[in-house]
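S.K.: just a sequence and a predicted model for now, questions to come.
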Amino acid sequence: MRRIRTIDLETAGNGPHDVCEIGWQDVEQGGDGVWVVSESRGSLLVNPGRPISPETMAVHHILDEHVAAAPFWKTVAGSVLRPPGGVLALAAHRAAFEQKFCRPRFTGAVDWICTWKCALRVWPHLPGFSNQRLRYGRMPRGLVHELGLPAHRALPDAYVTAHHLRDLLNASSVEQLIAWSREPGLLPRVPSGPDRGKAFCDLPNDRLLILARDRDLDVRFSAQTELHRRGDQAEPPQAPPAQQTLL
């Protein structure tokens, strides 16, 4: 069985052990080669070993008393991230966040798919690329509305992300999605500043050259990629090493 596990984390803060909930939803490839959202899903509360910050509590509404008797992250991470039978890859929306906590010692250094980065490539015409904007902008087939609620809890968010992943996998190969996920995000439009909302392909070279030095990695990569496409850059932009700041 070919399986990719989509995960989502809720946290108590930004420390390396601050997970307070993990949710997962599997996407599997059938004998006909078509990827489907399976019935394999679940979630676990996790004791972060510290009080949950008010800022994160306001997002997911998980209270300290909810996790007081829950196991610690190092106890449960491996069993969820490396299930029996293994996985081809792990997936998450804006996966860099999950990778901060799901380190190779828990994952076995398996490949990752970032559904945000892949959505930028496959559906660049869409107006927004957050998990929920994709949900309502695309209305994925078979997504049960109630199973995707409440938003900002681990299992519902993983369930929604899995529907994006399924459609991405049926539009492209696993290998291509992994390759895109290793690169910065290829933005279709400028996210901020005087060129906000303009497509990179519509910008003149002088503006692209400025954005190619932007401090935002995704903006920089997107401008450099467009310059390279026009032949104004000898070499394509180089992605940073995978997980260079995560180990």
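M.R.: Good, I have the coordinates. Residues are numbered from 1 along each chain as shown.

S.K.: who are the contact partners of the residue of the chain positioned farthest from its centre?
M.R.: Each residue of the chain has a distance to the centre, and by CA atoms, centre = their mean the biggest one is for D206: 32.2 Å. By CB atoms under 8 Å, 6 or more residues apart in numbering, no residues touch D206. To be clear about C-beta, it is placed using only N, CA and C from the backbone, and glycine gets the same treatment.

S.K.: and it, which of the three is it?
M.R.: What DSSP: H, G, I helix; E, B strand; the rest coil gives for D206 is helix.

S.K.: so it versus A70, what's the distance?
M.R.: Using CB to CB, to the nearest Å, one obtains 55 Å as the distance from D206 to A70.

S.K.: can you check R105 too?
M.R.: As judged by CB to CB, R105 and A70 stand 21 Å apart.

S.K.: between these two, which one's more packed in?
M.R.: Taking neighbours as other CB atoms under 10 Å, R105 and A70 compare with A70 leading, 17 against 11.

S.K.: contacting residues for that one?
M.R.: Shown in contact with A70 (CB under 8 Å, 6+ apart): 20, 44-47.

S.K.: that one and G31: what is the separation?
M.R.: Taking CB to CB, one finds A70 at 38 Å from G31.

S.K.: likewise F221?
M.R.: Per CB to CB, F221 is found 38 Å from G31.

S.K.: more neighbours, the two?
M.R.: Neighbour count, other CB under 10 Å: between F221 and G31, F221 has more, with 23 against 6.

S.K.: and the more buried one, what element?
M.R.: Following DSSP states H and E, one finds F221 within helix 217-230.

S.K.: what helices or strands is that helix leaning on?
M.R.: When contacts are defined as 3 or more CB pairs under 8 Å, 6 or more residues apart in numbering; DSSP states H and E, helix 217-230 sits against helix 205-211.

S.K.: pop the domain breakdown of the chain in here.
M.R.: 2-182, 184-247 (automatic domain parsing).

S.K.: can I get those domains in a markdown table with mean pLDDT?
M.R.: Formatted as a markdown table, the domains of the chain follow (pLDDT from 0 to 100):
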| stretch | mean pLDDT |
| --- | --- |
| domain 2-182 | 96 |
| domain 184-247 | 87 |
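
S.K.: pick the most deeply packed of those.
M.R.: Among those, domain 2-182 has the highest mean neighbour count (mean count of other CB atoms under 10 Å), at a mean of 18.

S.K.: chain center to it, what's the gap?
M.R.: Taking CA atoms, centre = their mean, to the nearest Å, one finds the center of domain 2-182 at 7 Å from the center of the full chain.

S.K.: tell me where this protein has strands.
M.R.: Secondary structure of the chain, counting by DSSP state E: strands at 2-11, 19-29, 35-45, 89-92, 111-114.

S.K.: using a markdown table, lay out the ones you listed together with distance to I52.
M.R.: Formatted as a markdown table, these follow (distance: least, CB to CB, whole Å):
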| stretch | distance to I52 |
| --- | --- |
| strand 2-11 | 8 |
| strand 19-29 | 6 |
| strand 35-45 | 11 |
| strand 89-92 | 21 |
| strand 111-114 | 26 |
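
S.K.: out of the ones you listed, which is closest to L149?
M.R.: Set against L149 and scored by CB to CB, the strands of the chain come closest in strand 19-29, at 12.7 Å.

S.K.: what's that closest one packed up against?
M.R.: Where contact means 3+ CB pairs under 8 Å, 6+ apart, strand 19-29 is packed against strand 2-11, strand 35-45, helix 54-60, helix 73-81, helix 154-171.

S.K.: for P237, see how far away the residue nearest the centre of the chain is.
M.R.: Nearest to the centroid of the C-alpha atoms of the chain, with distances taken as CA atoms, centre = their mean, sits H93, at 2.2 Å. In this view, H93 and P237 are 23 Å apart by CB to CB.
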